[in-house]
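K.L.:
okay, predicted coordinates and the sequence, questions at the end:
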Amino acid sequence: MRMNPLGRTGLMVSEICLGSMTWGTQNTAKEAHCQIDMARDRGVNFIDTAEMYPVNPISSETVGRTERIIGLWNEKNTNLRGDVVIATKHSGRGFKHARHGAPISSKTIVEAVEGSLRRLKTEYIDIYQLHWPNRGSYMFRQNWNFDPSTQKYDDTIAHMEDVLGEMEKLVKNGKIRHFGISNESAWGAAQWLRIAQENNLPRAVSIQNEYSLLCRMFDTDLAELSVNEDLGLLAFSPLAAGLLTGKYQRGAVPKASRMSIVPELGGRKTDRAFDAVDEYLDVAYKHDLFTVQMALAWLRTRPFVTSTIIGATSPEQLEMALGSVDVALSKEVIADLDAVHRAHPMPY
């Protein structure tokens with residue numbers, strides 16, 4: 001398992017990060033703890049969660065359950081806390097199950113951090129992330145009609161200054177170690193970095209956005225910003241919510257799969273997506289590769305990816321994903337994958 005630097009912090013994180021959003025709905029606490037132990041045995045030192053997890057579905061009864069499950073593991077393994085990097089997220093505007101959907105601010109951050117610390121049964125959070133920007137985001141298929149013309153520049157900058165000021169207090173108090181952003185744009189990320197530098201405030205150490213063979217919006221402006229500013233990508237949905245496994249081809253909907261719970265896969269289910277997956281499956285077959293491992297290994301070739309967040313609902317799925325670190329893609333495989341991308345650039 002390769003270890004990569006987390007921004008300019010000096011902290012090293014595994015190239016695979018264990019995602020947790022199914023823990024508490026699709027997975028029990030016992031299953032989740034087995035996943036953590038299995039991943040750690042393979043060299044993973046990084047777990048990603050959020051105060052709103054689990055999902056599929058999100059409900060007031062389950063919000064915070066995933067952090068509690070991780071907290072139970074922390075409680076049983078207090079001697080290992082320093083060996084595990086835990087990242088969680090503040091939900092913010094519109095999330096009705098916490099703080100009545102209030103936008104992210106210095107005031108809501110205090111409550112959110114205290115809640116996460118309590119549920120995680122830890123004295124500090126390694127990376128505290130903003131789940132999505134207050135001003136909105138073009139992620140989650142909103143890029144097709146994204147309109148920033150209603151944004152108010154002065155309000156946005158004041159908000160960022162307010163948030164970073166609170167992050168500084170939390171760092172000084174030892175409650176968080178680092179600050180990260182999620183579902184951000186190149187402009188937004190640049191402003192967070194600029195304001196931090198100009199005011200000597202905590203600098204964003206990572207950006208968590210969707211990235212996979214089927215979703216490559218990060219490849220242009222964000223890629224350039226990421227590399228030049230040491231703002232590494234924590235790539236989520238690297239298998240496009242399971243589409244890249246091939247299990248949904250030809251109308252198949254396996255029992256207990258995500259599509260059986262979320263039929264449209266968050267807007268990813270399109271005819272063009274299935275056409276693209278067919279061609280990626282052909283590439284894997286041509287080169288005698290498991291499609292899952294090929295898709296995950298491809299992310300490791302990207303210069304801006306710090307860690308790839310994988311999720312699993314079974315030991316077999318997790319074993320397959322973890323095995324991707326032993327797969328090296330040839331130039332011929334990369335060329336074939338690039339050819340499919342040119343033919344199917346934005347399939348959803």
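P.N.:
Perfect, I can see it now.
K.L.:
can I take it that residue 205 is in a strand?
P.N.:
Yes. Under DSSP: H, G, I helix; E, B strand; the rest coil, residue 205 falls within a strand.
K.L.:
the chain: helices as residue ranges?
P.N.:
29-41, 65-76, 106-120, 153-172, 186-199, 221-229, 258-261, 271-286, 291-300, 315-322, 331-343 (DSSP state H).
K.L.:
now for the first one, which elements pack on it?
P.N.:
Helices and strands in packing contact with helix 29-41 are listed as strand 16-19, helix 65-76, helix 315-322; criterion 3 or more C-beta pairs under 8 Å, 6 or more residues apart in numbering; DSSP states H and E. (C-beta placed from N, C-alpha, C; glycine too.)
K.L.:
using JSON lines, lay out the helices of the chain together with mean pLDDT and mean neighbour count.
P.N.:
Formatted as JSON lines, the helices of the chain follow (pLDDT from 0 to 100; neighbours: other C-beta atoms under 10 Å):
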{"stretch": "helix 29-41", "mean pLDDT": "98", "mean neighbour count": "17"}
{"stretch": "helix 65-76", "mean pLDDT": "98", "mean neighbour count": "20"}
{"stretch": "helix 106-120", "mean pLDDT": "97", "mean neighbour count": "18"}
{"stretch": "helix 153-172", "mean pLDDT": "98", "mean neighbour count": "16"}
{"stretch": "helix 186-199", "mean pLDDT": "98", "mean neighbour count": "16"}
{"stretch": "helix 221-229", "mean pLDDT": "98", "mean neighbour count": "17"}
{"stretch": "helix 258-261", "mean pLDDT": "96", "mean neighbour count": "17"}
{"stretch": "helix 271-286", "mean pLDDT": "98", "mean neighbour count": "17"}
{"stretch": "helix 291-300", "mean pLDDT": "98", "mean neighbour count": "22"}
{"stretch": "helix 315-322", "mean pLDDT": "98", "mean neighbour count": "17"}
{"stretch": "helix 331-343", "mean pLDDT": "98", "mean neighbour count": "14"}
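K.L.:
distance to residue 207 for those helices - can I get that in JSON lines?
P.N.:
Listed next are the helices of the chain as JSON lines, based on distance: least, C-beta to C-beta, whole Å:
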{"stretch": "helix 29-41", "distance to residue 207": "22"}
{"stretch": "helix 65-76", "distance to residue 207": "21"}
{"stretch": "helix 106-120", "distance to residue 207": "18"}
{"stretch": "helix 153-172", "distance to residue 207": "14"}
{"stretch": "helix 186-199", "distance to residue 207": "6"}
{"stretch": "helix 221-229", "distance to residue 207": "7"}
{"stretch": "helix 258-261", "distance to residue 207": "24"}
{"stretch": "helix 271-286", "distance to residue 207": "24"}
{"stretch": "helix 291-300", "distance to residue 207": "15"}
{"stretch": "helix 315-322", "distance to residue 207": "22"}
{"stretch": "helix 331-343", "distance to residue 207": "21"}
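K.L.:
ok, the residue located most distally from the centre of the chain to residue 339 distance?
P.N.:
When distances are taken from the C-alpha mean of the chain, residue 286 lies farthest, 30.1 Å away, according to C-alpha atoms, centre = their mean. Using C-beta to C-beta, to the nearest Å, we find residue 286 at a distance of 12 Å from residue 339.
K.L.:
looking at the helices of the chain, which is nearest to residue 15?
P.N.:
Residue 15 sits nearest to helix 291-300 of all these, at 6.0 Å, using C-beta to C-beta.
K.L.:
picking up where we left off before, look up how far residue 304 lies from the closest residue to the residue farthest from the centre of the chain other than its chain neighbours.
P.N.:
With sequence-adjacent residues excluded and distances taken as C-beta to C-beta, 6 or more residues apart in numbering, residue 286 is closest to residue 336, at 7.0 Å. Distance, residue 336 to residue 304, using C-beta to C-beta: 22 Å.
K.L.:
how about the residue nearest in space to the middle of the chain, nearest residue that isn't a chain neighbour?
P.N.:
Compute the mean C-alpha point of the chain, and by C-alpha atoms, centre = their mean the closest residue is residue 236, 3.7 Å away. Leaving aside its sequence neighbours, residue 236 sits nearest to residue 309 (C-beta to C-beta, 6+ apart; 4.7 Å).
K.L.:
the one you found contacts residue 239, doesn't it?
P.N.:
No. Look at residue 309 against residue 239 with C-beta atoms under 8 Å: they stay out of range, at 10.4 Å.
K.L.:
and for the residue nearest to residue 236, the neighbour number?
P.N.:
23 (other C-beta atoms under 10 Å).
K.L.:
check contacts around the nearest residue to residue 229 once chain neighbours are set aside.
P.N.:
What sits nearest to residue 229 in space, not counting adjacent residues and going by C-beta to C-beta, 6+ apart, is residue 193, at 5.7 Å. Counting by C-beta atoms under 8 Å, 6 or more residues apart in numbering, residue 193 touches 203, 204, 229, 231.
K.L.:
measure residue 193 to residue 187 for me?
P.N.:
For residue 193, the distance to residue 187 - C-beta to C-beta - is 11 Å.
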